[in-house]
Structures are given as C-alpha cells and as structure tokens.
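Asker: Predicted structure and sequence below. I'll ask about it afterward.
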Amino acid sequence: MARELVPDALWERVAPLLPAPKRKKKPGRPRADDRAAFEAIVFVLRTGIPWEMLPQKQFGVSGMTAWRRMELWTRTGVFERLQRALLNELGQQGKVDLSRASIDSSAVRASKGGPFTGKNATDRAKAGSKHHLLVDRSGQPLAESLTGANVHDTHELFPLLDAIPDVKQPWGRPRHRPAKMHGDKAYASRQNRRGLRRRGIAPRMARPGIESKERLGRHRWVAERTHAWKNQLLRLRVRDERWDDIHFGFLVLGCCLILFRGLQT
C-alpha cells in the first residue's frame, strides 16, 4: 500500500530535493528511512488520520518521526522546490498553458486555531483559514497561499501572481505571467484591474452590474475543479494543525500530487 501512495516515479523526483541528514555525534538508533517517512506523510495527507494514529508497523516510522520529518522538509522548502520541478517538467511537455489563468479560494475550519485563522462568515463565525489557488488554463496549480478566513480574496491576487515561478516551455524563454487572468467578482476592483494591465495581463473579472459572471465563468471553473481535487485529500478539508507552516506544507504537497498526476496522463 505504501508503494502505491508514493510510486517510484514520484520518489525519484523527491529524493534529490531532500536535505542531507546530519551526522550523529553519538551512536544510537539508525535514522528512519526518508522514503518511509515521505510515504507516511502522504498517507496522513490523503486520509486525514492523526499523527499519533499512524500505523507504525505498516510504514516503519512512528507518527512523531513522520511529523518531525514533515516539519524539517517544510522549513527547508522541499515541497516548494518539488512544485517548481514538476511545473518545469509539465511546461517542457507543453502541459502548462499560460494563455489564461484563474484564481479562487476555499475556506476550511481551523479546529485548533493558530496563526492565519479568522472568523469564517460562511461557518457561523467559527475560526477558519482560506486556501487560495492560482491555476493555469487546464487547472494545473501554479501558486497557493494560506490566510485567515476573514481575509478578502482581493488581497491575494498579486501575492499569488508574484509567487508563480518561471516555468520552462517547449521552446523559448521560461514564462511566469499569464496572458489573461480570470476571477470572480471578489477580484474585480479597479485597483486590481489596473495592476494587471500594468503587468501586461488582461483582466477577465466580471464587474458588478456591467458584465455577466456566467459568460466569464466558462474559463474560471477550472480553479473550482482544482479545489475539488485538493479537497479529496482529507487533511486539507479541515485544518488540524496549529502550526500554519505545517498546514501550508500540506497544501503545497497536495498541489504537487495534482501536478504529478498531470505528468502521468
């Protein structure tokens, strides 16, 4: 089962990105295997199981060991580098289409509170966080962010745009700017539209009372579909981590699994 969670093709892309283990000053237990820890992390991400309930006999690592490895790899940016590597692979195969991009958010309950939480207006003002995703024309996740549930979507447009890495193309220079940007009415402020034009990006947001959201929604639905793919990973349906960086690490890893699936098609 563990090998099904992390196929060889995925592990071959992850292993070179991991930090070298520190040399032990004193003899003791041998260090837990990195692949076993990564498989355990993906299992927690997919099932939403608490760390302490991780079946140690199945994975060969305890939940605490897997959590420590998750914390280390999050802190050292392993998952962000993995996302860039996967985007470059997809880009060189012509599978990253920057002719259009779409942005959207989804709120999740933060059961234990912590940084980047706020009152969720759609959940009786309970503590929650927002996942913000920016995707290409086909729904491949290009950038993501985490905020409190009370943060308005419009504030994340340019941080996400600036977070898009340079993506290699089948020919020519790498690209990081989409030609058009789609979003719902939450992003349709004059300031956002002017800012997009200054970056050479055509805004495609329905202005209230001027344009129909149904017509522009023909292209924006891919962002909603990517959120649906992301929510198939049960750890991302509810924020169980007080540490915001750990939860964000899960979000980036979830996007990496979506990108890896795109390489297999």
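Answerer: Great, that's in hand.
Asker: Find the nearest non-adjacent residue to Gly148, please.
Answerer: Nearest residue to Gly148 in three dimensions, chain neighbours excluded: Gly118, at 3.0 Å (Cβ to Cβ, 6 or more residues apart in numbering). C-beta here means a position set from N, CA and C on the backbone, and glycine is covered the same way.
Asker: Could you count how many residues lie near the one you found?
Answerer: Neighbour count of Gly118, defined by other Cβ atoms under 10 Å: 17.
Asker: quick one: it and Lys126 touch, right?
Answerer: No. With contact defined as Cβ atoms under 8 Å, Gly118 and Lys126 do not form a contacting pair (10.1 Å).
Asker: Strands of the stretch 1-150 of the chain, residue ranges please.
Answerer: 101-110, 118-120, 126-136, 141-148 (DSSP state E, counting those that start in this stretch).
Asker: Distance to Arg193 and mean pLDDT added to those strands, as TSV?
Answerer: Converted to TSV, the strands of the stretch 1-150 of the chain look like this (distance: least, Cβ to Cβ, whole Å; pLDDT from 0 to 100):
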stretch	distance to Arg193	mean pLDDT
strand 101-110	13	95
strand 118-120	26	91
strand 126-136	17	95
strand 141-148	20	97
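Asker: Reformat those as TSV; add distance to Gly172.
Answerer: Output for the strands of the stretch 1-150 of the chain, formatted as TSV (distance: least, Cβ to Cβ, whole Å):
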stretch	distance to Gly172
strand 101-110	18
strand 118-120	42
strand 126-136	17
strand 141-148	18
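Asker: Quick one, grab the pLDDT at Glu80.
Answerer: Glu80 is assigned a predicted lDDT (pLDDT) of 98.
Asker: again, but for the one 3 residues further on
Answerer: Model confidence at Gln83, expressed as pLDDT, equals 98.
Asker: can you offset everything so residue one is 36?
Answerer: All set: I'll call the first residue 36, so the last point we hit is now Gln118.
Asker: Quick check: Gly289 touching Asn266?
Answerer: No. With contacts counted by Cβ under 8 Å, Gly289 stays clear of Asn266, the gap being 9.2 Å.
Asker: Have a look at those two and say which one is more surrounded.
Answerer: Per other Cβ under 10 Å, whichever of Gly289 and Asn266 has more neighbours is Gly289, with 24 against 14.
Asker: now the helices for this protein?
Answerer: With DSSP state H, the ranges of helices along the chain come out as 37-40, 43-49, 69-82, 91-94, 98-110, 113-127, 192-198, 225-233, 248-266, 279-298.
Asker: could I get the ones you listed as CSV with distance to Lys165?
Answerer: Output for the helices of the chain, formatted as CSV (distance: least, Cβ to Cβ, whole Å):
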stretch, distance to Lys165
helix 37-40, 27
helix 43-49, 27
helix 69-82, 19
helix 91-94, 31
helix 98-110, 19
helix 113-127, 19
helix 192-198, 12
helix 225-233, 17
helix 248-266, 11
helix 279-298, 11
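Asker: So which of those is nearest Glu179?
Answerer: Among the helices of the chain, the nearest to Glu179 by Cβ to Cβ is helix 279-298 (5.5 Å).
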